[in-house]
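Asker: coordinates only, sequence not included:
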């Protein structure tokens, strides 16, 4: 087959062992924190019914949904693929799951979901067609306390802190404040409000003058100017909230400010350091779905990366599927995007310490008497040290070369002399040093080398 | 939406929290053992090129491959979905990966892959359309020592032992023995041999008389009878191998017996107990792909379940993709099928101890002064105890009811009196007992309750 076809398809990248190990490590940290805060996993399938996925999907997502088809259906096959498609997020499947299992669930229902989602768009750097999202959501029955919005933020703070990022910022806004501001200019029909929010959301990507120009389609230039002034006030969080509290811009606006204040103060009470949170009322998020708190998270040293954890509060999770009011709040970590950043961060990589495998080399004349070597391997494995026995009959230098290319941290060598004296030689592959120790000290010697 | 559409599609099941936790636990054990034996993860995408998946696929698999299509392609979209399809196993992607990355890999290359695969067949119990396979493979360059076939077996033995199955059997055969037996009857054209192997493979599912009848299309009734006699000899492993060694049935047969003997003896040397291995030379496995050792694994108490870990040796992994001879050996654990069994095994479930979450209840008059409660939660989380703070303003009995329905193991209650005396009440949700302890003993008290 021609070489070009052997690469995985565009937007569906392969992960070699070093990247897959890194991803496993990151997912472990995410999962552990989700569980520590009381979230439970659910697994919904990668394939959903078409009508579920399209029931409420907005905008461009609709043109990106992958449906299924059978490549070569057998004559007698019941081909139901016209109803099947790949999920594009974890929220729609959550809504269906909650609707189906409503009576079995205790609310507030706190679940996490980690896994690949699919979008049929043109692939580009940081935007693959298959990527992993790690979501948490808290779903209430009829109502859900605003403090939950702070808890979700605290979980993200815990994870990014444990991942070891020196500096990151969770930006927090509230859609009620933005909508209240627009209402105060006299704009109230929902389509115009929605389109204006879309323009405001781009404030950090395009020039303020351009935003001004675009907004003036909906509101007066003067209103647009004072709107942008409010949105871009540079104050620290508490002062900014005080300033917002002093403005009299209607009920919705005041409600949003009150919620935002509660979220920020509760986050502090939950131990989130002030420097990791930034009030930013210009955040709107793309989707109309969000109705209150909205979040975006940035790695400060790489703002071009975009948000690596985003979400917010929504008034109603599953209205398309069940006649119950289910408010919720959630956030989604873009794991694949986060990994793109981490792969370039040497300080993070050092902490992962991928190279902890030990190789037991086998002298060429010993391949028929393996029990001793297998026992050594088992001792190391019992001490949780990944260990491989070299099973091919090859010269020792070739085995050391293999260990080097594969990133083994140590090679254990026991030839005729060592076996007679009941010792082993341990070669440190980083320093090149080699020490001979009694077999009984094999495990402790390797352990101290790994430290 | 009508209720019937809210269930996930046929063959694509949902997993509620208790099942998802169980699956996580099982996957952790599998992953840990794979890594302890020196296997590294790779991640290939769920979507592959159609021509990769169909390059070498055999038989009915071809009619079960799901291709992709865009549901509502945008006018300007570059629709390349005709070339995209869902993987049906981890082996074809491995072959492509090794071919693409050949020069960067050190051989023998030991990788594991865990994730969902997809087959468009009619769903039935134990046969879903999306299911998880957990594979290991060892790939050699030009050659691969037969001892690797024993190592793969030892890994499976470790995993099933750690999973706590009282009794399971890894059955081991060798395709060279079977083919040698057929050759000895005079049958040699590869199509007839292949079809005869298919018949023999069903020896444990259909009557011996029926096998006899079917085989007589290819060999004489007399030959078929003595063939079946050999295949069904009931002897323990060593005696059976000795008996096979005494037969003179040509070179291929002798080679197979020699390999089988080596695999069994090396497995013993690797510490696999004799009672967990059973030589069974009637195993052929469906696919022509296998050329030597073949395995199947059964839970002894549920043989109807079928094999939960199967695989074998193949002469050439990637001949469709690269002009290199890459022999390999591998095994695949059918995780979804295994879970079906585990879910019904109470002794296993007890060990998983899903219920280790703690709830911190909040008195209704305290919802505005949360810091103390948040601090308690953080102390518990720092001790690795999943902890949830009840954030809704509701009466205490409702909070206890929530804890009960959600399987919390303990509820921490601190009302006015407790806060003044710096104590907390801890309610054991299993026994109903409630103890009051100083706040400083909160973590140690909960820890001892969890033991």
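Answerer: All right, it came through fine. Owing to the predicted nature of the structure, the values given are computational and were not obtained by experimental measurement.
Asker: gap between stretch A:46-61 and the chain center?
Answerer: 21 Å (Cα atoms, centre = their mean, to the nearest Å).
Asker: Could you give the average pLDDT over that stretch?
Answerer: Regarding stretch A:46-61, the rounded mean pLDDT is 87.
Asker: Tell me where the stretch 51-200 of chain A has strands.
Answerer: A:66-70, A:84-86, A:109-118, A:130-139, A:168-174 (DSSP state E, counting those that start in this stretch).
Asker: Phi and psi next, for residue A:311.
Answerer: Main-chain torsions, residue A:311, degrees, to the nearest 10: phi 170, psi -160.
Asker: still on that earlier bit, out of the strands of the stretch 51-200 of chain A, which gets nearest to residue A:311?
Answerer: Nearest of these to residue A:311, taken as Cβ to Cβ: strand A:130-139 at 8.0 Å. Glycine gets a C-beta too; all of them are placed from N, C-alpha and C.
Asker: Tell me the strands beside that closest one, with direction?
Answerer: Its sheet considered, strand A:130-139 pairs with strand A:109-118 (antiparallel), strand A:328-334 (antiparallel) by DSSP bridges.
Asker: CSV for these, including mean pLDDT and mean neighbour count?
Answerer: As requested, the strands paired with strand A:130-139 are exported to CSV (pLDDT from 0 to 100; neighbours: other Cβ atoms under 10 Å in any protein chain shown):
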stretch, mean pLDDT, mean neighbour count
strand A:109-118, 97, 22
strand A:328-334, 97, 25
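Asker: rewinding a little: so which of the strands of the stretch 51-200 of chain A is nearest residue A:245?
Answerer: Using Cβ to Cβ, the nearest of the strands of the stretch 51-200 of chain A to residue A:245 is strand A:168-174, at 12.9 Å.
Asker: angle of that closest one against strand A:328-334?
Answerer: 150 degrees (axes from the mean of the first three to the mean of the last three Cα atoms, to 10 degrees).
Asker: what comes up buried for strand A:168-174?
Answerer: A:168, A:169, A:170, A:171, A:172, A:173, A:174 (16 or more other Cβ atoms under 10 Å in any protein chain shown).
Asker: can I get those residues in a markdown table with distance to chain B and pLDDT?
Answerer: Formatted as a markdown table, the buried residues of strand A:168-174 follow (distance: Cβ to the nearest Cβ, whole Å; pLDDT from 0 to 100):
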| residue | distance to chain B | pLDDT |
| --- | --- | --- |
| A:168 | 20 | 95 |
| A:169 | 22 | 96 |
| A:170 | 17 | 97 |
| A:171 | 22 | 96 |
| A:172 | 17 | 97 |
| A:173 | 21 | 96 |
| A:174 | 18 | 97 |
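Asker: quick one: which two of those are the most distant?
Answerer: A:168 and A:174 (20.7 Å).
Asker: Out of the strands paired with strand A:130-139, flag the one nearest residue B:444.
Answerer: strand A:109-118 (26.2 Å).
Asker: The closest one versus strand B:66-70: what angle between them?
Answerer: Angle between the axes of strand A:109-118 and strand B:66-70 is 90 degrees (criterion: the same axes, to 10 degrees).
Asker: So which residues make contact with strand A:109-118?
Answerer: Here strand A:109-118 makes contact (Cβ atoms under 8 Å, 6 or more residues apart in numbering or on different chains) with A:27, A:30-31, A:34-35, A:37-44, A:46, A:66, A:86-90, A:93-94, A:98, A:129-139, A:335, B:17, B:46-47, B:388.
Asker: now stretch A:210-223
Answerer: A:182, A:185-187, A:192, A:195-196, A:199-200, A:202-203, A:224-225, A:227-228.
Asker: Out of those residues, name the ones that lie in helices.
Answerer: Within the contacts of stretch A:210-223, residues falling in helices by DSSP state H are A:182, A:192, A:195, A:196, A:199, A:200, A:224, A:225, A:227, A:228.
Asker: could you dump those to a markdown table with distance to chain B, pLDDT and neighbour count?
Answerer: Below are the ones in helices among the contacts of stretch A:210-223 laid out as a markdown table (distance: Cβ to the nearest Cβ, whole Å; pLDDT from 0 to 100; neighbours: other Cβ atoms under 10 Å in any protein chain shown):
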| residue | distance to chain B | pLDDT | neighbour count |
| --- | --- | --- | --- |
| A:182 | 29 | 93 | 24 |
| A:192 | 25 | 90 | 14 |
| A:195 | 20 | 89 | 14 |
| A:196 | 24 | 90 | 24 |
| A:199 | 22 | 89 | 19 |
| A:200 | 25 | 88 | 21 |
| A:224 | 31 | 91 | 23 |
| A:225 | 36 | 91 | 14 |
| A:227 | 32 | 90 | 22 |
| A:228 | 32 | 90 | 17 |
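Asker: what's the closest of those residues to residue A:207?
Answerer: residue A:228 (10.8 Å).
Asker: Quick check: the closest residue to the closest one other than its chain neighbours vs residue A:231, distance?
Answerer: Once flanking residues are discounted, residue A:228 sits nearest to residue A:208: 5.7 Å by Cβ to Cβ, 6 or more residues apart in numbering or on different chains. Here the criterion is Cβ to Cβ, to the nearest Å. By it, residue A:208 lies 9 Å from residue A:231.
Asker: higher neighbour count, these two?
Answerer: Between residue A:208 and residue A:231, counted using other Cβ atoms under 10 Å in any protein chain shown, the more crowded position is residue A:231 (19 against 14).
Asker: That one touches residue A:282, doesn't it?
Answerer: Yes: with contact defined as Cβ atoms under 8 Å, residue A:231 and residue A:282 form a contacting pair (4.2 Å).
Asker: List the contacts of the nearest residue to residue A:128 once chain neighbours are set aside.
Answerer: Nearest in space to residue A:128, with sequence neighbours left out and distances taken as Cβ to Cβ, 6+ apart, is residue A:11 at 5.0 Å. Taking Cβ under 8 Å, 6+ apart, we find residue A:11 in contact with A:121, A:122, A:123, A:128, A:129, A:130.
Asker: quick one, helices of the stretch 301-450 of chain A?
Answerer: Assigned by DSSP state H, counting those that start in this stretch, the helices in the stretch 301-450 of chain A fall at A:335-342, A:346-352, A:371-382, A:396-405, A:416-421, A:442-450.
Asker: I'd like to know how many residues surround the closest residue to chain B within the stretch 101-250 of chain A.
Answerer: With Cβ to the nearest Cβ, the shortest gap between the stretch 101-250 of chain A and chain B falls at residue A:106, namely 4.0 Å. For residue A:106, the neighbour count with other Cβ under 10 Å is 15.
Asker: How about residue A:405?
Answerer: Neighbour count for residue A:405, taken as other Cβ under 10 Å: 12.
Asker: Then residue A:378?
Answerer: 17.
Asker: From residue B:39, how far off is the residue nearest to residue A:394 when sequence neighbours are not counted?
Answerer: Take residue A:394 and drop its neighbours on the chain: the residue closest to it by Cβ to Cβ, 6+ apart is residue A:364, 7.1 Å away. Distance, residue A:364 to residue B:39, using Cβ to Cβ: 25 Å.
Asker: Among the two, which residue is more densely surrounded?
Answerer: Legend: neighbour count by other Cβ under 10 Å for residue A:364 and residue B:39, higher for residue B:39 (25 against 13).
Asker: State the phi and psi torsions of that one.
Answerer: For residue B:39, the backbone dihedrals (degrees, to the nearest 10) come out as phi -90, psi 140.
Asker: Hmm, residue B:134 and it touching each other?
Answerer: No: contact criterion Cβ under 8 Å: residue B:39 and residue B:134 do not qualify, at 10.6 Å.
Asker: still on that earlier bit, next one: the residue nearest to residue A:394 from chain B, what distance?
Answerer: Per Cβ to the nearest Cβ, to the nearest Å, residue A:364 is found 12 Å from chain B.
Asker: re the thing from before, rank the helices of the stretch 301-450 of chain A by mean pLDDT and give me the bottom one.
Answerer: With a mean of 64, helix A:346-352 has the lowest mean pLDDT of the helices of the stretch 301-450 of chain A.
Asker: circling back: let's see the ChimeraX selection covering just the buried ones among the contacts of residue A:11.
Answerer: Buried residues among the contacts of residue A:11 (16+ other Cβ under 10 Å), as a ChimeraX selection:
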select /A:121,123,128,129,130
